[in-house]
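# here is a sequence with its predicted model. Questions after.
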Amino acid sequence: MPELPEVETVRQGLERWCLNETLVGIELLHPRATNPRSISPITDIQGATILEIRRRGKFLWFVLDRPVALVAHLGMSGQFRIQPPATLDEKHLRVRFLMGEQELRFIDQRTFGWLAISQLQGEIPNLVQAIAPDIFDEEFDRRAVTQIIRGKASEIKRVLLDQSVMSGVGNIYADESLWRSKIHPQTLGSELSSRKLGSLLNAVTSVMSQALLEGGTSFDSLYTNVNGESGYFSHSLMAYGRENEPCLRCHKQINRIMVGGRSAHFCPKCQVR
DNA sequence: GGAAATGTTTACCG
DNA sequence: CCGGTAAACATTTC
């Protein structure tokens, strides 16, 4: 469940089920589930109590009754699930956390996701320090981000995916935001006016807010909330995954090109360079 | 069989 | 330092 609305959906589910729970048992089932930058084995936090679940962009972390946090990134296919201990192990179960009544399970088919123990530096774990605030963060500075983007000689789609500029936007919401604000994905950051960037940031906010209300985007059972339920936003996609289908504004066919090594979907009539 | 998939990091080149 | 590309990670699906 990888972009901001999906990760926030997971965070809310974890908050509902894990707050004030103590991790009485931890079982690691796959070596790649631990990020190499973890300062200690995940099993070291056995006995810790979860006080808070926080998020910045696509990164989640559990605040514990200890000076370290448990950080998680879902990568492409990571999931957290809450299950009764009697439930059969999922095929790609990577880490099991035994809590009071339930198990918290980290499941990940492609193993690009990971967990890590990280030192907290103020509010933010060390592993998340290089990640810029996302657009819903109190610390998000619209004016500063606009200036950073205008200083980039790089294609706007790449800049949107750059988590050190602003975080949380991935391939789906980048395409959707550019479609909504009528910007061609290969327009250079330096070519965009502050006004145009204002409408882009508004589009990022609105598309991700709407997706969050619908429980995120799921194309299949790989992307679900902690109860295994899918979100509905895939029905609202205007550009992503709609190659050769008519633009819902002007009816011209949606194009797909590669930008920064990722697919970019856009309307060649509405989104001109 | 080939290509692509909601992501990040690193190495390398200009 | 900046920007761009390719590869790496692993599994599944079309």
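Good, I have the coordinates.

# only C-alpha atoms from now on, for both contacts and neighbour counts.
Fine.

# so chain A: which segments form each domain?
Domain assignment for chain A by automatic domain parsing gives A:4-128, A:142-266.

# can you give me the helices in chain A?
Remark: helices assigned in chain A by DSSP state H are A:4-18, A:142-150, A:156-161, A:171-180, A:194-213.

# quick one: contacts for the residue in chain A that DNA strand B sits nearest to?
Scanning chain A for the residue nearest DNA strand B gives A:Gly170, at 3.2 Å (criterion: C-alpha to the nearest atom of the strand). The contact partners of A:Gly170, by C-alpha atoms under 8 Å, 6 or more residues apart in numbering, come to A:2-4, A:160-161.

# return the per-residue confidence for it.
On pLDDT, A:Gly170 comes in at 96.

# and it, how far from DNA strand C?
Per C-alpha to the nearest atom of the strand, to the nearest Å, A:Gly170 is found 14 Å from DNA strand C.

# please apply the same query to A:Met238.
Distance, A:Met238 to DNA strand C, using C-alpha to the nearest atom of the strand: 20 Å.

# and that residue, how many neighbours does it have?
Neighbours of A:Met238 under the rule other C-alpha atoms under 10 Å: 22.

# quick one, phi/psi of it?
phi -100, psi -20 (degrees, to the nearest 10).

# just the buried residues of stretch A:248-255, please?
Residues A:253-255 are the ones in stretch A:248-255 that count as buried (16 or more other C-alpha atoms under 10 Å).

# contacting residues around the nearest residue to A:Leu222 once chain neighbours are set aside?
By the measure of C-alpha to C-alpha, 6 or more residues apart in numbering, the closest residue to A:Leu222 outside its immediate chain neighbours is A:Ser77, 6.2 Å from it. Taking C-alpha under 8 Å, 6+ apart, we find A:Ser77 in contact with A:1-2, A:108-113, A:222-223.
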